[in-house]
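Trainee: coords please:
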Amino acid sequence: MTTSKDAKVVVVGAGFAGLSAASSLVQAGFQQVKILEANGRVGGRVCTTKPFTENVIELGANWIHGQIGNPLYRLAKDQNLLAKESLEDDSDDYFFKEDGEHLKSKLADQVTSLFEKLLTKASDSQLEAKYRSMTLGDYLDAAFDESSLASSEDGARIFEWCKRNACTDEATSSLFEVSASQMSEYVELDGEFYNCLGTGGYQALLEVLLKRLPPGTIQSSKPVKRIQWDLKGTGSTVKSHPVKVICENDEIFEADHVIVTVSLGVLKQRAATMFEPALPKSKMDAIEKLGFGTVDKIFLCFSKRFWPEDCAGIQLVWDEGPEDKSVYTSQPEEDDWKDTWFKKITGFDAVARHPTVLCGWITGREALHMETLSDNEVKDTCLRLLRSFTGWPIPDVSQMLISRWGHDQRVLGSYSFIPKEVNGVKKQEALAAPLPPQSQGSSSKPLQVLFAGEATHVKFYTTTHGAYLSGVREAQKLINHYSK
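Mentor: Next comes the predicted model:
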């Protein structure tokens with residue numbers, strides 16, 4: 001009988017899910033663990049770079065969300081990797097209308113505060129019955145209409161900005177495509193919600209996990225083409241390893257178990273051809289029904305700072321924004337929205353440790369369209385927006401960096417969300433279920449193909465700690481199996 005020492009485990013993907021799975025197995029005594037990583041770097045949707053100065057820019061994951069019960073926060077704290085100073089200082093967002101008017105901070109504070117309260121209601125399962133079948137966008141609009149702030153035109157415009165901004169949390173084209181009632185399934189950990197890492201960024205946290213792995217564990221630039229499972233051999237041949245992982249270069253890795261941690265975006269594109277035999281209908285259905293969206297960042301580096309010291313960000317408030325229900329539902333031509341893709345940019349935020357850099361945020365189909373444009377076209381559009389909204393004398397951009405997660409063939413997006421009319425928990429559990437199904441009987445070796453990644457976590461989907469914990473979860477299944 002195979003022991004944990006001899007069991008061959010292949011982990012597909014070296015993001016937080018893959019690294020936590022592999023390091024958990026190694027710490028438990030597994031000696032035949034390999035990670036196959038498609039890219040030439042580890043981290044997946046974590047991508048720490050230094051494009052402008054010696055200080056880091058996070059092209060992917062930015063924060064550690066929550067503190068109590070968050071293993072990444074605990075790890076970062078133990079290793080002294082958190083930012084020394086709070087980056088949430090006395091600065092405030094500046095809200096500008098498209099005619100150049102700087103909106104009063106009191107109104108902006110009132111509207112954003114109300115928006116947060118309404119979101120919290122949805123997150124805490126406090127939605128009234130009449131809202132439960134609605135999309136998140138429809139619920140927010142209906143609840144806002146009951147407020148005195150709705151009578152103010154500028155209040156309604158700021159509320160549209162709030163919805164547009166929330167699209168970055170949900171990685172969606174619109175809150176009118178997200179389930180309101182499912183918001184309560186996501187668990188927000190206690191403690192400060194936005195925790196910034198120090199000068200090493202997320203890369204420093206990855207390196208802590210990398211040190212736990214024996215040399216040679218990770219094989220980079222090894223994209224996987226196919227996973228054959230439930231191999232039994234024929235006649236007198238006894239198949240010792242039930243799984244074969246075949247790379248794009250036709251290199252083959254035999255295994256007793258494979259832990260698949262590729263993104264939901266990759267599964268959406270390739271699951272139908274990646275597995276042999278084909279995945280069960282319940283799993284394919286989960287892959288199809290769960291949402292996976294794109295969030296991109298546009299970093300603009302200037303030769304000198306032109307925004308005030310107390311300005312945390314320049315936020316763009318449109319007379320008619322893309323998250324107004326009337327605008328969302330009234331696009332007569334299929335591609336009309338592409339002409340105004342830039343309206344989905346929420347604004348341009350100051351960046352920690354980069355006094356002359358602003359970061360623009362954009363989501364959904366508009367982000368995917370932006371990714372097809374040249375850097376120069378995006379830069380010129382952003383400068384036009386900044387100049388027309390603020391009226392300030394703004395210098396040219398000296399350097400820029402744009403994420404293009406939606407067109408990155410190794411991830412094809414940013415993170416998952418629960419669409420309207422989808423039972424998120426049921427689909428996430430189906431996505432995470434191991435193969436072969438437990439009901440298949442004892443003729444097949446158990447736990448041949450396991451699935452991890454943020455989209456498989458019922459409580460913490462979208463987050464790095466969700467990805468990390470999902471890897472630990474799948475490793476624990478194997479540890480328990482060999483402890484019997």
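Trainee: okay, the residue lying closest to residue 138 once chain neighbours are set aside: pLDDT?
Mentor: The shortest distance from residue 138 to any non-neighbouring residue, by C-beta to C-beta, 6 or more residues apart in numbering, is to residue 176 (6.6 Å). (C-beta placed from N, C-alpha, C; glycine too.) For residue 176, the pLDDT comes out at 96.
Trainee: Need the three-state assignment for residue 176.
Mentor: Using DSSP: H, G, I helix; E, B strand; the rest coil, the structure places residue 176 in helix.
Trainee: Who are the contact partners of it?
Mentor: By C-beta atoms under 8 Å, 6 or more residues apart in numbering, the contact list for residue 176 reads 135, 136, 137, 138, 323, 325, 328.
Trainee: Of these, keep whichever come out buried.
Mentor: Burial by neighbour count, judged by 16 or more other C-beta atoms under 10 Å, picks out 135, 136, 137, 138, 323, 325, 328 from the contacts of residue 176.
Trainee: now these as TSV including distance to residue 202 and secondary structure?
Mentor: As requested, the buried ones among the contacts of residue 176 are arranged in TSV below (distance: C-beta to C-beta, whole Å; DSSP: H, G, I helix; E, B strand; the rest coil):
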residue	distance to residue 202	secondary structure
135	32	strand
136	28	helix
137	31	helix
138	35	helix
323	29	coil
325	36	helix
328	34	helix
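Trainee: With pLDDT and distance to residue 248 added, can I get these in a markdown table?
Mentor: A markdown table is the format used below for the buried ones among the contacts of residue 176 (pLDDT from 0 to 100; distance: C-beta to C-beta, whole Å):
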| residue | pLDDT | distance to residue 248 |
| --- | --- | --- |
| 135 | 94 | 39 |
| 136 | 95 | 39 |
| 137 | 97 | 40 |
| 138 | 96 | 44 |
| 323 | 96 | 40 |
| 325 | 94 | 45 |
| 328 | 91 | 40 |
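Trainee: Pick out whichever of those sits closest to residue 55.
Mentor: residue 323 (33.0 Å; C-beta to C-beta).
Trainee: before we move on, the earlier item: could the contacts of residue 176 be laid out in TSV, adding distance to residue 288?
Mentor: Putting the contacts of residue 176 into TSV (distance: C-beta to C-beta, whole Å) gives the following:
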residue	distance to residue 288
135	19
136	21
137	22
138	24
323	26
325	27
328	23
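Trainee: List just the nearest of the residues you listed to residue 101.
Mentor: Looking across these and measuring by C-beta to C-beta, the closest to residue 101 is residue 323, at 20.0 Å.
Trainee: Next one: that closest one from residue 458, what distance?
Mentor: According to C-beta to C-beta, to the nearest Å, residue 323 and residue 458 sit 27 Å apart.
Trainee: Please apply the same query to residue 126.
Mentor: In terms of C-beta to C-beta, residue 126 sits 20 Å off from residue 458.
Trainee: And residue 444, by the same measure?
Mentor: With C-beta to C-beta as the criterion, residue 444 and residue 458 are 26 Å apart.
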